[in-house]
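Engineer: Let me see the structure of the following:
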Amino acid sequence: MKDLNNRVAVITGAGSGIGRALAVALAGKGCRLALSDVNEMGLAETAAACKETEVRTYILDVADRDAIYAHADQVANDFGAVNLVINNAGVALNASVREMTDEDFNWVMDIDFWGVANGTRAFLPHLIASGDGHVVNISSVFGLIGVPKQSAYNAAKFAVRGFTEALRQEMKLEEQPVAVSCVHPGGIRTNIANSARTGASDNAAALRAGFDKLAMTTPEKAATTIIKGILRDESRILVGPDAWGIDALNRMLGSSYQTLVQRFSKNNLYI
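Structural biologist: Numbering: from 1, shown residues only. From the prediction side, this is the model:
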């Protein structure tokens, strides 16, 4: 996909953060947009910022498998084609394995993994039918390394990475007209930390303040990086200098990176 003009782009979690920034950036490149979120007000604000192109909005809970499949068929019917799908919707949980509840664990997995997996599978036939499709799944730097108190988020984001990398290979082996990219953002200045759930013993305010200090990249910069990666058909798109650093650390040190993460976490997560 070398040209985005007049392509139909689907973005989940488009009501804020990276999703909104991607919508605005893709609108500027001439994409027609199918935007979804559970936040109706935020979704309307995003749509209002994309007036220069055709925009349709959909209220969608990506944790609802049947709703995702119905959404895929609805978008294809509304636009006549689907070229680009960005499975972006996500949530966060800061809690230890001992402390997190089943409800919270399932909440993260249903949105961050199953939302991505079902979103990919629901739209894949439409992407193939387009003759020039691209699926982009948002993982995280926490899909590259394990971090204390992020076990549920790690589980989801590692799963997204494995699922997406396997899919890319399948599309190539089957000679299907669908490119596949996995995105690993570092700290992005979004509201995900503010809406994150935390363990009972955590100081939620301190954790959120700590995240804000570490967030190096704006959503707009993240969107620019992701779109460049799409146009270059990159298999792995690293977003932010911290993402590049963490990826390099993992490659150089192997499992020994965990000692450094433990030291960092002792001062920043166990507060």
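
Engineer: how about low-confidence regions in the stretch 101-250 of the chain?
Structural biologist: Within the stretch 101-250 of the chain, the segments meeting pLDDT under 70 span 192-195, 200-214.

Engineer: Could I get the full set of helices for it?
Structural biologist: 102-108, 114-130, 151-173, 204-214, 219-231, 241-253 (DSSP state H, counting those that start in this stretch).

Engineer: right, so those: which one is the most enclosed?
Structural biologist: Comparing these by mean neighbour count (mean count of other C-beta atoms under 10 Å), helix 114-130 ranks first with a mean of 21. (C-beta placed from N, C-alpha, C; glycine too.)

Engineer: Pull the residues that contact that helix.
Structural biologist: Identification of contacts with helix 114-130 by C-beta atoms under 8 Å, 6 or more residues apart in numbering yields 8, 10, 12, 62-63, 65, 68-69, 71-72, 75-76, 81-83, 85, 87, 89-90, 133-135, 137-138, 159-160, 163-164, 167, 176-178.

Engineer: Now with 7 Å, please.
Structural biologist: 10, 12, 62-63, 65, 68-69, 72, 76, 81-83, 85, 87, 89, 133, 135, 137, 160, 163, 167, 176-178 (C-beta atoms under 7 Å, 6 or more residues apart in numbering).

Engineer: from these, which ones fall inside strands?
Structural biologist: Here DSSP state E is the test, and the contacts of helix 114-130 give Val10, Val85, Asn87, Gly133, Val135, Asn137, Val178 as lying in strands.

Engineer: Okay, and Ala34 sits in which element?
Structural biologist: Taking DSSP states H and E as the definition, Ala34 sits inside strand 32-37.

Engineer: my guess is Trp244 contacts Leu238, does it?
Structural biologist: Yes: with contact defined as C-beta atoms under 7 Å, Trp244 reaches Leu238; the gap is 5.2 Å.

Engineer: In contact with the residue nearest the centre of the chain, which residues?
Structural biologist: Per C-alpha atoms, centre = their mean, the C-alpha nearest to the average position across the chain is that of Ile138, at 2.7 Å. With contact taken as C-beta under 7 Å, 6+ apart, Ile138 is in contact with Asn87, Asn88, Gly90, Val183.

Engineer: What residues does the last one make contact with?
Structural biologist: Val183 makes contact with Val136, Asn137, Ile138, Ser139, Ile226, Ile237, Val239 under the criterion C-beta under 7 Å, 6+ apart.

Engineer: burial of Ser256, as a residue count?
Structural biologist: For Ser256, the count of nearby residues is 10 (other C-beta atoms under 10 Å).
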